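Undergrad: Here is a sequence with its predicted model. Questions after.
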Amino acid sequence: MEKKSWKYICVRGLGFVPGLCCPHHDSTQSNGVLRADDFDGMLQRQRRRSSSRSRPRRRENAAEDGSDADAGAEDEDGELGVCIDDQAALVIDGDAFRVIATETASATTAVRTKRVMKHSATAATSSDATAAADGVAVREDNIREHLFLPSATFRPLSLLLN
């Protein structure tokens, strides 16, 4: 397959959850790059831009690379990224969520949350969300990642958003 050159755009979502959302997170794109890698780079750029300003600036219009997009989940540890793997879905019902997947999905199909941490990778990750996630990692690039596997049980939405 021929690789195509293109850039992401950041558009406002429906507002069910704050932050940036990356569908098909575990897929390789038509440009030959794993979508997860491009998304991590976008989160890192968002963190650098927001930390260089004293007050985050918001725009109504979408920005080409996600800068200053009206995504809304900015805090001291950076933008929240909600990553939905191919063949998975995030179901939100009021203040609860669960992850579902197709019958043919792999055992690792999941929804992940990612946040660029303000402090080094050795920073503590203790929280109720950490205890309730199916897996937690703080990577060398200072991205904290929570893994949520498919489940028939609804969990509090606050666990996903922390």
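TA: Great, that's in hand.

Undergrad: Spell out the residue ranges of the strands in the protein.
TA: Under the criterion DSSP state E, strands of the chain are mapped to 20-23, 80-84, 88-93, 96-101, 111-116, 135-138, 143-148, 155-156.

Undergrad: Show me the longest helix that occurs in the chain.
TA: For the chain, the helix that runs over the most residues, judged by DSSP state H, is helix 35-51.

Undergrad: Please point out which parts of it sit buried.
TA: For helix 35-51, a neighbour-count test (16 or more other CB atoms under 10 Å) marks 35-36, 39-40, 42-44, 46-47, 49-50 as buried. Using the backbone N, CA and C atoms, a C-beta is placed for each residue, glycine as well.

Undergrad: closest to S151 among those residues?
TA: Ranked by distance to S151 (CB to CB), the buried residues of helix 35-51 are led by A36 at 21.6 Å.

Undergrad: The closest one and P23 touch, don't they?
TA: No - A36 is not in contact with P23 according to CB atoms under 8 Å; the separation is 11.6 Å.

Undergrad: Which secondary structure element of the chain has the lowest mean pLDDT?
TA: When each helix and strand of the chain is scored by mean pLDDT, DSSP states H and E, helix 128-132 comes last, with a mean of 54.

Undergrad: Okay, now the unreliable bits of this structure?
TA: Per-residue confidence for the chain (pLDDT under 70) gives these ranges: 1, 51-76, 119-132.

Undergrad: gap between the residue nearest to D26 when sequence neighbours are not counted and R115?
TA: Spatial nearest neighbour of D26, excluding adjacent residues (CB to CB, 6 or more residues apart in numbering): D85 at 4.4 Å. From D85 across to R115, the span is 18 Å (CB to CB, to the nearest Å).
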